[in-house]
Structures are given as C-alpha cells and as structure tokens.
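Visitor: Predicted model and sequence below, questions to follow.
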Amino acid sequence: MNLNIYFRKSVCLMLVLALGTLNSCSEEVNENPLVATNVDPAFTITTVEGAMNTYLLTAQTKGVISSLWDTGDGASPGKMNQVISLPDAGTYTITHTAVGAGAAMATSSQQIVVAQTDPAKGNLVQGGKFATAEDQAKWTSAKLSPSGAAFWSFANNSATIHLPGGGAQEGIYQAIEVVKDREYTIDMTVSCPSGLDETWFEVYAGKSAPVLGTEYKENKVMGISTWDGCGTSKFSGRLSGVGCVKNDATKTVSNVVKFPESGTIYLVIRSGSNKTGNEPITITKVEFRGK
C-alpha cells in the first residue's frame, strides 16, 4: 500500500475512534505522488534557415524528462530540440510524446506541409516501399539460407524477414550508384510486435558485390542487436532511432556513409537469429539519400 495513503487512513481511523463518526473522514483515492499528472507535450516547429525542408522541433521542458517523436513512421526516442529533414513533398503529421515522472505520457500533434521535394536528397533506393511486384523485384535474395528456413516475404508496402532460429539468416540487396566523398544517409521503417532474443538485423553499404550464399560483412552501417541492448522489446519506428548497432566507419551509432570513389555500392539488409520463437521483423520505406 502507498505509505501516504496508509498514513491518511491511520489518521482517519484515529478520528473515528475519538469522535465516533465518519463524517469528518473520506477515503482517499489511490494516488501515486511519484507519477506526474500534468505532463505538457507542447512543441514548436521552426524552419532551419539555409537547409531545405529541414525543421527544428522544440519541446517545452517543464516537467518533461524525455521525448519521443513520430513523423509518420512510428515513435522513436529523440531530443528536446530535434532536427528533422522531410525531403519529399507532402503533408506530414508530427507527433510529440512527452514522458514525465513515473513514465507518465502525453501527446500532441502538428502538421508540416512540404511544398517541394529537395532535388539533392532524392531517394536512390528502387522499390523501397515494396508497394508492387515491380518494386519487390528490385531486390535480390542473398541466398544465405539454402533450406529456406529463414526467408523474406513481400506484401503490399512491406518486406518481412522470418527467423526460425538456429543461426539461420537471410539477406536482400540492390546496387546503388554513389558519388565520391558525398555523404549519404540510410534509413527505413522497422517494426516487430514483440521483443527479440539473440537476434541481429544489420544494414551494409559495401563496394564489393555480394556472393550468393556467403554472409556479407563489408561496411556495416547500422542495425538492431539484442546483444547490444536494442530490439529486446517491441518496436516500431525509423531504424536510425530504434537501432543501436555502431557504424563501422564512425564507430558510433550513425546512419551516415560516404565513399572514397564514385561508382556502384551494394545496399545489403541481413538478419538472423540463434533462438526459436522470435516474431518476424517487417520493414518499409527503405531510403538511401544524399545528406
């Protein structure tokens, strides 16, 4: 029992014994003084000067411990002052979830209308939304699971990796043309309805062509790893927000890549698991954009 409530009830009982009446007492409702009751999720949106389709989201900080931001792809942990880029024209609903004491939460939403697509940040991935059979055909299986134990399936607007455990894994990839020394960002929406166990989900951007049946390991960029502490509970959001795998080049959690020469690179998405019972991981909106 909450100690504050216990104290109130003890005082009330003493009054009853002294006065012989309950008129002066009323039972308190179960309130937890450690849980905030007035979390304010208000935020402002400011255009970042000199950066096309880039916005600063500023949360009010009174009574707020942390923030989650959702630009339409699922909520991901972020900063109180969060910079976002919306390269493509469209209307976006931005939702801020403010987290207060005792994990109390409140949300608020605003819209951003992006009038023009940023020509410098076009998506270089083909079929990244898996919307049609033609989109899905842009991806090649790495054939890492000859028995078919681990496999990718495609549906309208998504691709899903099925993980039977036992170390079985599978990957998909496609070729992308890049420019020397230009910075690019990689991202995608990723989700799983429950926590994973002994599971990896990794994204690579290497210069060498994948060899079918051979595990790809060149230039790991980002991902999810239960050994590193992410993916252990259900998730849905941008991989850049929910992932924790370090970038081989920067040795930090980063989705930025660049290459020493122009030419063809290979975007490889590879996943597997050692344990049985893991639910599938689903992706959509795969992006590879100039920064």
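Guide: Cool, got the structure.
Visitor: buried sites along stretch 217-225?
Guide: For stretch 217-225, the buried set under the neighbour-count rule, 16 or more other Cβ atoms under 10 Å, comprises 219-225. Glycine gets a C-beta too; all of them are placed from N, C-alpha and C.
Visitor: Just the CA atoms of it, as PDB, please.
Guide: The C-alpha trace of stretch 217-225 is given here as PDB (Å, rounded to 0.1, in the frame of the first residue of the first chain):
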ATOM      1  CA  LYS A 217      30.300  -8.200 -43.900                       C
ATOM      2  CA  GLU A 218      31.600  -5.200 -45.700                       C
ATOM      3  CA  ASN A 219      31.000  -1.700 -44.200                       C
ATOM      4  CA  LYS A 220      28.200  -2.300 -41.600                       C
ATOM      5  CA  VAL A 221      26.300   1.000 -41.200                       C
ATOM      6  CA  MET A 222      23.500   0.400 -38.700                       C
ATOM      7  CA  GLY A 223      21.100  -2.200 -37.200                       C
ATOM      8  CA  ILE A 224      19.500  -3.800 -34.300                       C
ATOM      9  CA  SER A 225      21.300  -6.300 -32.000                       C
END
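Visitor: Could you chop this structure up by domain?
Guide: 1-31, 43-117, 123-290 (automatic domain parsing).
Visitor: which of those sits most buried?
Guide: domain 123-290 (a mean of 18; mean count of other Cβ atoms under 10 Å).
Visitor: could you give the mean pLDDT of that one?
Guide: Average pLDDT, domain 123-290: 97.
Visitor: quick one: the helices in the stretch 101-250 of the chain?
Guide: Here the stretch 101-250 of the chain has its helices, by DSSP state H, counting those that start in this stretch, at 133-136, 239-242.
Visitor: And the contacts of the first one?
Guide: The one in question is helix 133-136. Under the criterion Cβ atoms under 8 Å, 6 or more residues apart in numbering, residues 126-130, 154, 159 lie in contact with helix 133-136.
Visitor: Can you give the distance of that helix from its chain's centre?
Guide: 24 Å (Cα atoms, centre = their mean, to the nearest Å).
Visitor: just stretch 69-89 next, same as before
Guide: The answer for stretch 69-89 is 10 Å, by Cα atoms, centre = their mean.
Visitor: for the domains of the chain, which one sits closest to residue 37?
Guide: The closest of the domains of the chain to residue 37 is domain 43-117. By Cβ to Cβ, the value is 7.0 Å.
Visitor: Quick one: end-to-end length of that closest one, please.
Guide: 25 Å (Cα to Cα, to the nearest Å).
Visitor: I'd like the mean pLDDT over that domain, please.
Guide: Rounded mean pLDDT across domain 43-117 is 94.
Visitor: just checking, residue 288 touches residue 182?
Guide: No - taking contacts as Cβ atoms under 8 Å, residue 288 lies outside contact range of residue 182: 11.7 Å.
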